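# Pasting the sequence and the predicted model now:
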Amino acid sequence: MPYQQYSGEVVTVNVEKQFGFIGLLTVRLSNDQEHDLVTSEDIFVHQNDVDTTLIPGLRVAFDVELDDKRGDGTFRAVNVIALVEHDLLPAMVEPIPGFHVVVPAGQSFKLTAYHAQMKDVRPEVVAQVEANQPLPGIPREDIRLDNEETRKFLQAFLLYTFPSLVDYGADFNIGTPDDTAMQLTLQEAIESHRALGLTSQVEVLEEEVKRFGKFRGALNLLWADGVARPGSIIPIENLPDLFMAVPVWYHYFANDTQGKSEAVEAANTDDPWVHARTAFFCDLVPTRRWSDLYQMFNRRLRTLENYKGDIIPPHVARRLQNAAEVFDYLVIATPYLEEAGKDWENLDWIRSIDPYVLGFIKDSPVFFVVARFSNSGTFPLYNELLGDTVEFLRSNRSKLDGFNTVSRPFWYRGGDTGVNDGNPLRDCFDGLLGQHLSKLTEELLRQFDQGTLFPWIRQEEEQPTKQ
């Protein structure tokens, strides 16, 4: 089924004759650009072509065909679907057209028997987590849509993310896409670009198509497994929000044998050099605070062979293998805080439960919650997990002195302009690293207590004001 090309608002309805009109002034292309319809007349829409009751003010997505009854220069809407009330996914810069669902009153996420093993976290700490407003804009309700509704929304999201590929005949279908038309159009475009000497443009286009294929594959995986829900697609800028709940990561390397061997070799040294994956994740949020925080828990990049925790459920193991085909990086993000690393001093902590599997695509504005061990979505016990991390840091800040044992240790200094000269993966920290991290943690706890943790990690107070 093709995606709907236009969106707009029903402005008048004839209830008796079951038709109405979509106001021309409200019509936009589905990528939110100005429409290309050559007409001065409103768009006719009949009740039989709509998947809900026609009412004034209803926003709809639709295609058009010529309106034979009204004559030249007029259109009627076909393949009409309603766009109604609640965001399914968070808007990143502006609202995502089509991402709306009705949320039944009183519906919220539910804990499962799996969560009975969760350790107690002080209620006042859990309450302070909410005061910090983590993962803003992502609805906490456990919104469940049927497969067809979810498919339509994911198609709209894909179109929103890659509007430039519309002109190349890209197939935005989730489920059974066909790239035959796009390949033909791309070949013609590439030949034309090369004839004009625009080789750099060819490279950009080929990379965009490659990224589109991975992105569509990721959405298709979430849809096919029935796990596309609020919180399964999260803006990259909110990575620290989820990280603080599950900061100890294990990396799945799939076919990357070189990267895996480098991780194993580095992890067994007193002063491990910076792994390329560590640099990648530090750069996702380009601030020094984030880079230091990420490495504080993940200086030694762990492979799945290092994993010792909750038994990996069958649905997670299967999804990891399938997801390896579409994601550039896959990690099991855990609350196993006592595994933070041998760089700390004598860590001892009762661990929490219920890790996440996270998927990342290079140059993507979002990351994906591919699975949860409890199979219960993003938010159950999220506040408790984050609160436990804060309690861990309060109790173990002094043990960061373990980082002082190596003089000028390898350390990736993200967010610092001009620092990473030469090979950034071989950068060193000048001074006592443990002392630096202890001060960082002290300030982190202060920011948490005053409800400003996540803007502080992102260093939003230091970002230039847009004119």
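Right, received. Where do you want to start? Numbers count the residues shown, from 1 in each chain.

# Pull the number of nearby residues for the nearest residue to Val366 once chain neighbours are set aside.
Counting by C-beta to C-beta, 6 or more residues apart in numbering, Ile233 is the residue found nearest to Val366 once chain neighbours are left out, at 5.2 Å. Quick note: C-beta positions are derived from backbone N, CA and C, even for glycine. Using other C-beta atoms under 10 Å, Ile233 is surrounded by 25 other residues.

# Kindly report the same for Glu41.
14.

# And for the closest residue to Gly217 other than its chain neighbours, the neighbour number?
Ranked by C-beta to C-beta, 6+ apart and with sequence neighbours excluded, the top spatial neighbour of Gly217 is Val326, at 3.4 Å. If you count neighbours by other C-beta under 10 Å, Val326 ends up with 20.

# can you check Ser40 too?
Using other C-beta under 10 Å, Ser40 has 8 neighbouring residues.

# just Lys399 next, same as before
17.

# Distance check, Asp270 against Arg413.
20 Å (C-beta to C-beta, to the nearest Å).

# Between the two, which is the more surrounded one?
Regarding Asp270 and Arg413, a neighbour count based on other C-beta under 10 Å identifies Arg413 as having more, with 18 against 9.

# Next one: the more buried one from Thr150, what distance?
Using C-beta to C-beta, one obtains 42 Å as the distance from Arg413 to Thr150.

# any idea whether the residue nearest to Gly217 is helix, strand or coil?
Assigned by DSSP: H, G, I helix; E, B strand; the rest coil, the conformation of Val326 is coil.

# List the residues that contact it.
Residues in contact with Val326 (C-beta atoms under 8 Å, 6 or more residues apart in numbering) are Lys214, Gly217, Ala218, Asn220, Leu221, Gly359, Ile361.

# Those residues in strands, which ones?
The strands, defined by DSSP state E, take in Gly359 from the contacts of Val326.

# of all the contacts of Val326, which comes closest to Glu191?
Lys214 (24.8 Å; C-beta to C-beta).

# Ends of stretch 428-436, what's the gap?
Distance across stretch 428-436, first residue to last, is 13 Å (C-alpha to C-alpha, to the nearest Å).

# List of residues touching that stretch?
Contacts of stretch 428-436 (C-beta under 8 Å, 6+ apart): 292, 400-406, 408-411, 413.

# Distance from stretch 330-338 to the middle of the chain?
The chain centre lies 17 Å from the centre of stretch 330-338; the measure is C-alpha atoms, centre = their mean, to the nearest Å.

# For that stretch, measure first residue to last.
22 Å.

# who's in contact with Trp120?
Quick fix: residue 120 is Asp, not Trp. Contacts of Asp120 by C-beta under 8 Å, 6+ apart: none found.

# returning to that earlier point: could the contacts of Val326 be laid out in a markdown table, adding pLDDT?
Compiled in a markdown table, those are given as follows (pLDDT from 0 to 100):
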| residue | pLDDT |
| --- | --- |
| Lys214 | 91 |
| Gly217 | 91 |
| Ala218 | 91 |
| Asn220 | 89 |
| Leu221 | 88 |
| Gly359 | 95 |
| Ile361 | 94 |
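
# among the contacts of Val326, which are in helices?
Of those, the ones assigned to helices by DSSP state H are Lys214, Gly217, Ala218, Asn220, Leu221.

# Would you mind giving these as JSON lines with neighbour count and distance to Ile55 added?
Formatted as JSON lines, those follow (neighbours: other C-beta atoms under 10 Å; distance: C-beta to C-beta, whole Å):
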{"residue": "Lys214", "neighbour count": "17", "distance to Ile55": "40"}
{"residue": "Gly217", "neighbour count": "18", "distance to Ile55": "38"}
{"residue": "Ala218", "neighbour count": "25", "distance to Ile55": "36"}
{"residue": "Asn220", "neighbour count": "20", "distance to Ile55": "34"}
{"residue": "Leu221", "neighbour count": "21", "distance to Ile55": "36"}
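
# Turn these into CSV, including distance to Pro123.
Conversion of the ones in helices among the contacts of Val326 to CSV gives the following (distance: C-beta to C-beta, whole Å):
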residue, distance to Pro123
Lys214, 42
Gly217, 42
Ala218, 37
Asn220, 41
Leu221, 37
